[in-house]
Structure formats: C-alpha cells, structure tokens
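S.K.: this is a predicted model, with the sequence first.
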Amino acid sequence: VFAMLDAEGTTVSELARRMGVTRQTAHQAVHGLIDMGLLEQEPDPGSARRRLIRMTAEGRRVHERAQATIGVIESVLVERIGADAARALEGALRSDWGVPPLVAAP
C-alpha cells in the first residue's frame, strides 16, 4: 500500500487499481493500517464524496525503515550471489507471470 500512495493522498479505488486488487481488498488493507496508526484518511478537497489516504508521521517512519531494511537485504544478496545474478533474479520476479494457476493440493 505504501509504495502506491501519492504524497498528496490517494483514494482507495485508485490504490486498488494500482495494486491490481478489488476495492474491498484495498479498503480492508487500508483500514487495517489506519487502525495501526500508519495511515489516515482525509476529505478530498476536490470532491466532497472522496477521501484521500495518506501516511501518518509514524507511517512515514515505518516506511522509511522498511525501505532501508530492503536496501540492506539487497546489498547482502548482491554480496552472496553477485550483481548480475541479483539483477536477473529481480527481473524474473518483476516479470508478468500471467494468471495464477489453479493447483490441486496433494
């Protein structure tokens, strides 16, 4: 959710579109983060019917710490498998995998 937010705020509908999930799923995730004090919702100055989702100060702190942690993990990965392999892995993980298959449990 944090990676999909605009600095000025983003509607739940737009977050859902960006994340590729239903509005209900995005709403549930957003309200869980609101309950944790990491996000807040404010009236949209451009529309009385819409509400914008924004990070709180604590949300920004947590997001920055998470980004720093990801940076450390990526650095360790490069040290362990090399820069070329790390780039290839990132490329594979970012590629379009298509529709998830239905797999029967054994």
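M.R.: In hand now; what should we look at?
S.K.: pull the longest helix from the protein.
M.R.: helix 57-81 (DSSP state H).
S.K.: show me what counts as buried in that one.
M.R.: Neighbour-count burial for helix 57-81 flags 59, 62-63 (criterion: 16 or more other CB atoms under 10 Å). Every C-beta, even on glycine, is put in place using the N, C-alpha and C of the backbone.
S.K.: tell me what that helix is packed against?
M.R.: Judged by 3 or more CB pairs under 8 Å, 6 or more residues apart in numbering; DSSP states H and E, the packing partners of helix 57-81 are helix 83-94.
S.K.: how about the helix it packs on as PDB, C-alpha atoms only?
M.R.: Only the C-alpha atoms of helix 83-94 are listed here, as PDB (Å, rounded to 0.1, in the frame of the first residue of the first chain):
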ATOM      1  CA  ALA A  83      25.300  -8.200  -9.000                       C
ATOM      2  CA  ASP A  84      24.400 -10.000 -12.300                       C
ATOM      3  CA  ALA A  85      22.500 -12.800 -10.600                       C
ATOM      4  CA  ALA A  86      20.700 -10.300  -8.300                       C
ATOM      5  CA  ARG A  87      19.600  -8.300 -11.400                       C
ATOM      6  CA  ALA A  88      18.500 -11.400 -13.100                       C
ATOM      7  CA  LEU A  89      16.500 -12.500 -10.100                       C
ATOM      8  CA  GLU A  90      14.900  -9.100  -9.800                       C
ATOM      9  CA  GLY A  91      14.000  -9.200 -13.500                       C
ATOM     10  CA  ALA A  92      12.400 -12.600 -13.100                       C
ATOM     11  CA  LEU A  93      10.400 -11.600 -10.000                       C
ATOM     12  CA  ARG A  94       9.200  -8.400 -11.700                       C
END
